[in-house]
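Engineer: sequence plus the predicted model coming up.
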Amino acid sequence: MSQSPPYLLPLSTTVKLYPPTAAALHDIERDFDLSTDKLKSILDQFLWEYKKGLGELPTAETKDTFAPMIPTFVQHVPNGTETGTFLALDLGGTNLRVCEVTLLGNHKWTMKQQKYKVSDALKQGEATALFDYIAGAIDQFLVQIGTEAQADEKLFLGFTFSFPVLQHALDSGTLINWTKGFECRNAVGKDVVQLLQDALDRKHIHVRCSALVNDTCGTLMARAYEGGDCLCGGIFGTGTNGAYVESVDQITKIDAKQRDEWKAKGVDKMVVNTEWGAFDNERVVLPFTLFDNRVDRISINPRKQAFEKMISGMYLGEVTRNVVLHLVDKQVIFRGYSSKQLNSHYGLDTAIMSALEASSVPNSVAAGDPIRAIRKAITEDLGINPEYVTDSDCLAVARVSEIVGTRGCRLSACALAATVIQTGNDKSDRTVRFGLDGSLVEFYPRFEERVRAALREMLGHEVEKRVEIGLAKDGSGVGAALVAAAAKAVESL
């Protein structure tokens with residue numbers, strides 16, 4: 001029987017795998033294998049899509065053939081010395097969050113925040129009613145919570161608006177369409193910053209909406225403020241995306257005259273929102289398996305977000321569930337029995353994968369008795385009858401989780417490696433800082449260890465050693481406030 005890929009952990013020698021189970025696992029390992037050569041071919045495609053997206057605006061025919069590479073018009077990345085009081089507004093679901101962030105100038109900040117519920121009536125009514133409610137919430141926040149700003153100071157606000165927007169400037173973007181249960185009338189095609197500003201002005205609130213913010217760009221800004229220079233902000237959670245600092249000379253889809261004007265003012269960089277979750281929607285290089293195809297086919301957006309469906313928290317568990325069911329159907333685990341939970345779409349989430357793999361973390365509680373910890377996840381979280389679960393089954397299910405999760409980590413590394421090379425940092429000697437956020441970064445066992453192993457294979461040891469990965473929190477809050485601060489800085493140029 002062939003050897004397991006070298007990047008997977010050695011299988012336990014204390015538990016003997018049932019031979020048909022071992023054979024089925026080797027087939028799965030082969031299907032999900034990402035060799036160094038395969039990583040490099042994916043990396044090459046990433047770089048091609050980056051360059052294509054920086055140079056071309058997508059059309060109806062080409063929009064799924066390369067990464068969108070959306071200019072954010074954020075041209076000032078903080079270094080931790082900035083001071084002042086700024087507001088942040090985060091609209092993206094059930095709640096509206098209003099924050100006041102005071103930047104203290106020593107890589108530190110303080111925050112006051114309040115959440116306000118957005119009713120179904122507001123989500124489906126007139127746009128003016130929604131934005132009037134938002135303006136009212138800001139007013140209520142400033143009155144009830146109080147503000148650190150001076151009485152005559154106009155507050156700058158960064159607006160994290162988590163819906164598809166075509167951005168025209170730092171403070172301008174038109175809504176393409178609503179998602180997440182919002183269906184407000186008379187908003188699509190309108191400038192959402194103007195809708196908010198009009199509502200603020202109607203209520204005579206001394207606040208200027210100065211920046212429309214993507215949460216990934218906010219993640220970059222938050223990490224840069226706390227930790228100094230930062231190249232890229234990335235989110236690896238329910239979904240995935242990245243934003244990085246690019247030379248304006250490389251963003252050739254922006255008019256050359258405009259780029260020259262910026263450079264004349266000493267502004268030669270811009271944060272670009274890659275939307276890398278949509279990488280390789282045409283499936284040129286991504287190694288789709290039968291299990292990936294099944295997950296994609298019944299998803300809400302078939303043939304979209306191809307990369308995201310292989311690496312993000314929303315889908316990793318579902319791919320794992322499909323593989324585990326495959327082993328059940330082959331009757332090599334659980335004596336061929338399943339459970340309601342395991343049969344349910346999205347019935348195995350990434351938190352269960354973390355529990356299955358917890359014993360792989362040295363000195364953890366689960367490491368003391370790995371089979372017991374895995375058995376607990378299988379019987380309690382997946383609802384499999386304990387009498388059907390053998391030690392061999394426990395080892396097999398944990399291995400499936402590791403196989404799927406490791407592929408996700410190695411693919412995630414391709415996005416980071418592409419960003420390092422695109423910005424020339426593979427040839428420099430400077431520290432390359434990434435600020436990452438999301439449940440996988442924070443909670444998935446050995447996420448960074450697996451990512452780094454793949455980075456070494458693609459970039460070499462010397463470059464990988466210069467990559468610094470730090471946790472960046474609250475891009476939609478602190479990050480949005482920092483973009484508002486950047487807007488104020490640009491205005492004063």
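Structural biologist: Ah, there it is.
Engineer: in which helix or strand does Ile205 reside?
Structural biologist: Using DSSP states H and E, Ile205 maps to neither a helix nor a strand.
Engineer: the closest residue to it other than its chain neighbours: neighbour count?
Structural biologist: Spatial nearest neighbour of Ile205, excluding adjacent residues (Cβ to Cβ, 6 or more residues apart in numbering): Asp139 at 5.2 Å. Where you see a C-beta, it was placed from the backbone N, CA and C, and this is true even at glycine. Around Asp139 there are 17 other residues, counting by other Cβ atoms under 10 Å.
Engineer: ok but Asp139 is inside a strand, no?
Structural biologist: No: under DSSP: H, G, I helix; E, B strand; the rest coil, Asp139 falls outside any strand and is assigned helix.
Engineer: that one and His204 touch, don't they?
Structural biologist: No: look at Asp139 against His204 with Cβ atoms under 8 Å: they stay out of range, at 9.1 Å.
Engineer: distance of the closest residue to Ala127 other than its chain neighbours from Asp31?
Structural biologist: Spatial nearest neighbour of Ala127, excluding adjacent residues (Cβ to Cβ, 6+ apart): Ala187 at 3.8 Å. From Ala187 across to Asp31, the span is 45 Å (Cβ to Cβ, to the nearest Å).
Engineer: and for Leu356?
Structural biologist: Counting by Cβ to Cβ - Leu356 and Asp31 are separated by 19 Å.
Engineer: look at the two and report which has more neighbours.
Structural biologist: Counting neighbours by other Cβ under 10 Å for Leu356 and for Asp31 shows that Leu356 has the greater number, 30 against 15.
Engineer: part of a helix, is Thr85?
Structural biologist: No: counting by three-state DSSP, Thr85 is not part of a helix but strand.
Engineer: ok, it to Leu325 distance?
Structural biologist: For Thr85, the distance to Leu325 - Cβ to Cβ - is 53 Å.
Engineer: could you do Gly477 as well?
Structural biologist: 39 Å.
Engineer: and those two? which has more neighbours close in?
Structural biologist: A count of neighbours by other Cβ under 10 Å puts Gly477 above the other of Gly477 and Leu325, at 24 against 18.
Engineer: surely the more buried one meets Gly92?
Structural biologist: No: the pair Gly477 / Gly92 is not scored as a contact, 11.6 Å apart, by Cβ under 8 Å.
Engineer: what sits in contact with each of these two?
Structural biologist: By Cβ atoms under 8 Å, 6 or more residues apart in numbering, Gly477 and Gly92 have these common neighbours: Thr160.
Engineer: run through the helices of the stretch 201-350 of the chain in chain order.
Structural biologist: Along the stretch 201-350 of the chain, the segments classed as helices by DSSP state H, counting those that start in this stretch run 215-227, 256-264, 290-297, 308-311, 313-329, 340-343, 350-356.
Engineer: what comes up buried for the fourth one?
Structural biologist: Under the neighbour-count criterion of 16 or more other Cβ atoms under 10 Å, helix 308-311 has Glu308, Lys309, Met310, Ile311 buried.
Engineer: tell me what it is packed against?
Structural biologist: Judged by 3 or more Cβ pairs under 8 Å, 6 or more residues apart in numbering; DSSP states H and E, helix 308-311 is in contact with helix 290-297, helix 313-329, helix 391-422.
Engineer: adding mean pLDDT and distance to Ala243, write the ones you listed out as JSON lines.
Structural biologist: As requested, these are arranged in JSON lines below (pLDDT from 0 to 100; distance: least, Cβ to Cβ, whole Å):
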{"stretch": "helix 290-297", "mean pLDDT": "96", "distance to Ala243": "25"}
{"stretch": "helix 313-329", "mean pLDDT": "96", "distance to Ala243": "19"}
{"stretch": "helix 391-422", "mean pLDDT": "98", "distance to Ala243": "10"}
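Engineer: so the residue lying closest to Phe141 once chain neighbours are set aside, which state does it fall into?
Structural biologist: Using Cβ to Cβ, 6+ apart and skipping the chain neighbours, the partner closest in space to Phe141 is Val98 (4.3 Å). Of the three states, Val98 takes strand under three-state DSSP.
Engineer: quick one, what contacts Val98?
Structural biologist: Counting by Cβ under 8 Å, 6+ apart, Val98 has contacts Leu87, Ala88, Leu89, Gln113, Gln114, Lys115, Tyr116, Ala137, Ile138, Phe141.
Engineer: ok, 7 Å please
Structural biologist: Each residue near Val98 by Cβ atoms under 7 Å, 6 or more residues apart in numbering is listed here: Leu89, Gln113, Gln114, Tyr116, Ala137, Ile138, Phe141.
Engineer: repeat for Asn177
Structural biologist: Asn177 neighbours (Cβ under 7 Å, 6+ apart): Pro164, Val188.
Engineer: can you report phi and psi for it?
Structural biologist: Per-residue torsions, Asn177: phi -160, psi 160 (degrees, to the nearest 10).
Engineer: surely Leu49 touches Glu282?
Structural biologist: I think there's a mix-up here, since residue 49 is Glu and not Leu. No: between Glu49 and Glu282 there is no contact under Cβ atoms under 7 Å: 9.8 Å.
Engineer: buried residues of stretch 229-243, list them for me.
Structural biologist: Buried-residue list, stretch 229-243, by 16+ other Cβ under 10 Å: 229-237, 239-243.
Engineer: again with stretch 471-478
Structural biologist: Across stretch 471-478, burial judged by 16+ other Cβ under 10 Å covers Ala472, Asp474, Gly475, Ser476, Gly477, Val478.
Engineer: quick check, central residue of this protein?
Structural biologist: Nearest to the mean C-alpha position of the chain, counting by Cα atoms, centre = their mean, stands Ile235 at 2.4 Å.
Engineer: test my guess that that residue contacts Thr219.
Structural biologist: Yes: applying Cβ under 7 Å, one finds Ile235 in contact with Thr219, separated by 6.1 Å.
Engineer: ok, Ala24 to Met353 distance?
Structural biologist: Taken as Cβ to Cβ, the span from Ala24 to Met353 is 19 Å.
Engineer: same question, Gly80
Structural biologist: Distance from Gly80 to Met353, by Cβ to Cβ: 35 Å.
Engineer: what is the neighbour count of the nearest residue to Ile378 once chain neighbours are set aside?
Structural biologist: With sequence-adjacent residues excluded and distances taken as Cβ to Cβ, 6+ apart, Ile378 is closest to Ile384, at 5.1 Å. Number of residues near Ile384 (other Cβ under 10 Å) recorded here: 24.
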